[in-house]
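predicted model follows, preceded by the sequence.
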Amino acid sequence: MDWDEILNPLSPLYQDAMYEQQQLVSLQDGMIEATKKIIETVYPQLYHLESAGYKELESVIITECVKFSCKINEVMNRYYSGE
């Protein structure tokens, strides 16, 4: 693997990396949004938290969804054999 090839926007490696990055971001965004909706349903007191509690909860949601999406991506890449 060559850094010039990875950083060249016209190379297949670069395009594959960008596609994978877009998939991860889409997954993360969807997971964050879904998690917030679930929390709103389960914890109606959400909007009565102190500011610090809301910020901490927001941080936990984002951090854990990013970790979770990366793990999902690892499994998908490990076991996907192509078409």
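Perfect, thanks for sending it. Residues are numbered from 1 along each chain as shown.

what about the protein, any weak spots by pLDDT?
Within the chain, the stretches with pLDDT under 70 are 1, 82-83.

from the contact counts, what lies against the longest helix anywhere in it?
Determined from DSSP state H, the single longest helix within the chain is helix 12-42. For helix 12-42, the elements it packs on are helix 3-7, helix 51-79, judged by 3 or more Cβ pairs under 8 Å, 6 or more residues apart in numbering; DSSP states H and E. Glycine gets a C-beta too; all of them are placed from N, C-alpha and C.

list the buried ones in it?
The neighbour-count check on helix 12-42 (16 or more other Cβ atoms under 10 Å) flags 27, 28, 31, 32, 35 as buried.

chain center to it: distance?
4 Å (Cα atoms, centre = their mean, to the nearest Å).

stretch 44-57 now?
For stretch 44-57, the distance to the chain centre is 22 Å (Cα atoms, centre = their mean).

export only the CA atoms of that stretch, formatted as CSV.
These are the backbone C-alpha positions of stretch 44-57, laid out as CSV (Å, rounded to 0.1, in the frame of the first residue of the first chain):
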residue,chain,number,x,y,z
PRO,A,44,-39.5,11.5,29.8
GLN,A,45,-37.5,13.3,32.4
LEU,A,46,-34.8,13.9,29.8
TYR,A,47,-35.8,17.5,29.3
HIS,A,48,-35.7,18.2,33.0
LEU,A,49,-32.0,17.3,33.4
GLU,A,50,-29.5,19.9,34.6
SER,A,51,-27.4,21.3,31.8
ALA,A,52,-24.4,19.3,32.9
GLY,A,53,-26.4,16.1,32.8
TYR,A,54,-27.7,16.7,29.4
LYS,A,55,-24.2,17.5,28.1
GLU,A,56,-22.8,14.3,29.7
LEU,A,57,-25.6,12.2,28.2
